[in-house]
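1. only the shape, not the letters, is given here:
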């Protein structure tokens, strides 16, 4: 695998929502990243509906169908639906395949009857928990890959939220250990992604399916959620931001293996990924408040190509079912961004998105287009190894946070960040030396098996 050595965009000024350097086209003709933003709704089944394939098929038929119907009712012309697999859908690969087939049929019917263009993203669950199974050789591993084979027959796009390195990351995050984040996310996660995504891309090629992308949900999002809001102190917000920068090294691997986007919506690192690769990205922010809270609800939309709600459980609301309601909300958000593009006001609209919460906290700050691009540049300029570019991204992120007086950091946050920067200065320059150090340091971490990462 060749590591990225150049940026897709000459500067952050070139990056805009709705447009990607490398657009992709779905089976029903939606051009993602081709000049407009596409809403992406993510229905989730109610507990109990997963008891049998029949009950789960019925649940998704209603949930996905309600979203399609609402788009017709209010006049939203395009929609992407993502179904993130519950355990049973990947554990029984045929289940995920049947649901993908059912949804594809629904979309064909809506296209024929109403002219609604829709696409389907299937996201098998990564059942491989590093502290429970071997990442490369287990029944769960085989089920995950088989799920891709089943879903790729019918889905427009497939993605995954991979788990590589989580055992070391979890050990490190609660110990304030920046070296552990670099090892777990960049070194272990990157190696696991190369192993996994080489196979996913091959499956997609055989099935005329788009290999979407991955996300560091299991690690960088964990750090972000542990950092929480303004009154949370479980993890420093600055550490969560550094974790996000580090994870670019491993998330990028999917695209270096042949993934084309659209990226996974919960990868908050995607603005940086877009700056390097030029692939269309899916983002989530304020409309994902149904699933979780964050401090970058507007700025994260600044360069998105799809706009997502993360996930919403299927239930009734006053206005309709949840999936119908969120399809409508997402569609109106996308319509506003698309109107700005058509009127020539996209720069002004983007400025409003960015400035509304760029300085709300470290995460929004580092993901603002200008800073995302600079972190991306640090990645490609230090592409000697997965470790080197992960460390360079974190250092650049830290320098940006310390260098902008508009970003107000508490004494605790500033001192924490300065400590992480000093810790990174002491780390080895070469990846092989860093790996040797970490193999000894994390030898007793529960579930860590170097051989499962090719080490």
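-> Ah, there it is. What you see is a predicted model; the values in this text were computed from it and never measured.
2. any idea how far residue 64 is from the residue with the largest distance to the centre of the chain?
-> No residue in the chain sits farther from the centre than residue 113, which is 33.1 Å out by CA atoms, centre = their mean. Distance from residue 113 to residue 64, counting by CB to CB, to the nearest Å: 16 Å. (Glycine included, C-beta is placed from N, CA and C.)
3. re earlier: can you tell me the element the residue farthest from the centre of the chain falls in?
-> With elements taken from DSSP states H and E, the one containing residue 113 is helix 93-114.
4. and that helix, what does it pack against?
-> Contacts defined by 3 or more CB pairs under 8 Å, 6 or more residues apart in numbering; DSSP states H and E place helix 93-114 against helix 53-74, strand 78-84, helix 87-91, strand 117-123, helix 139-151.
5. give me the most central residue, this protein.
-> For the chain, residue 267 is the residue whose C-alpha lies nearest the centre (CA atoms, centre = their mean; 2.1 Å).
6. thinking again about what came up before, residue 107 versus the residue farthest from the centre of the chain, what's the distance?
-> Distance check for residue 113 against residue 107: by CB to CB, it reads 11 Å.
7. sec struct for residue 264, please.
-> Recorded secondary structure, residue 264: coil (DSSP: H, G, I helix; E, B strand; the rest coil).
8. residues contacting the residue nearest to it when sequence neighbours are not counted?
-> Leaving out its chain neighbours, the residue that sits closest to residue 264 by CB to CB, 6 or more residues apart in numbering is residue 215, at 4.0 Å. Shown in contact with residue 215 (CB atoms under 8 Å, 6 or more residues apart in numbering): 159, 161-162, 221, 251, 263-267, 269.
9. same question, residue 187
-> 165, 386-387, 390, 431, 434-435, 438, 453.
10. let's see 6 Å
-> Residues in contact with residue 187, defined by CB atoms under 6 Å, 6 or more residues apart in numbering, are 386-387.
11. can you check residue 93 too?
-> Contacts of residue 93 (CB under 6 Å, 6+ apart): 146-147, 150.
12. tell me how far it lies from residue 204.
-> Residue 93 is 16 Å from residue 204, by CB to CB.
13. burial count for the residue lying closest to residue 49 once chain neighbours are set aside?
-> Among residues not flanking residue 49 along the chain, residue 59 sits closest, at 3.9 Å (CB to CB, 6+ apart). For residue 59, the number of neighbouring residues by other CB atoms under 10 Å comes to 20.
14. and the gap between residue 22 and residue 305?
-> 11 Å.
15. I meant residue 288, not that one.
-> Distance of residue 288 to residue 305, computed by CB to CB: 16 Å.
16. can you check residue 103 too?
-> Counting by CB to CB - residue 103 and residue 305 are separated by 21 Å.
17. which one's more surrounded, the two?
-> Comparing residue 103 with residue 305 by other CB under 10 Å, the one with more neighbours is residue 305, at 31 against 28.
18. quick one: neighbours of residue 318, just the number.
-> Per other CB under 10 Å, the neighbour tally for residue 318 reads 5.
19. name the surrounding residues that touch stretch 383-403.
-> Under the contact criterion CB under 6 Å, 6+ apart, stretch 383-403 has outside partners 3, 5, 182, 186-187, 190, 241-242, 245-246, 248-249, 362, 366, 371, 375, 378-379, 382, 407, 417, 421, 424, 431, 434.
20. hmm, which of those are the buried ones?
-> In terms of neighbour count (16 or more other CB atoms under 10 Å), the buried residues within those are 3, 182, 186-187, 190, 241-242, 245-246, 248-249, 362, 366, 371, 375, 378-379, 382, 407, 417, 421, 424, 431, 434.
21. next, the contact list for the closest residue to residue 173 other than its chain neighbours, please.
-> Excluding its sequence neighbours, the residue lying closest to residue 173 (CB to CB, 6+ apart) is residue 223, at 5.9 Å. Residues near residue 223 by CB under 6 Å, 6+ apart: 173, 235, 240, 243.
22. can I take it that residue 223 is in a helix?
-> Yes. Judged by three-state DSSP, residue 223 forms part of a helix.
23. model confidence for it, exactly?
-> You'll see residue 223 listed with a pLDDT of 98.
24. that one and residue 241, how far apart?
-> 9 Å.
25. one step back: what separates the residue nearest to residue 264 from residue 432, distance-wise?
-> In this view, residue 215 and residue 432 are 28 Å apart by CB to CB.
26. for residue 282, same thing?
-> Counting by CB to CB, the separation of residue 282 from residue 432 is 36 Å.
27. quick one: which of these two has more around it?
-> Per other CB under 10 Å, whichever of residue 282 and residue 432 has more neighbours is residue 282, with 30 against 10.
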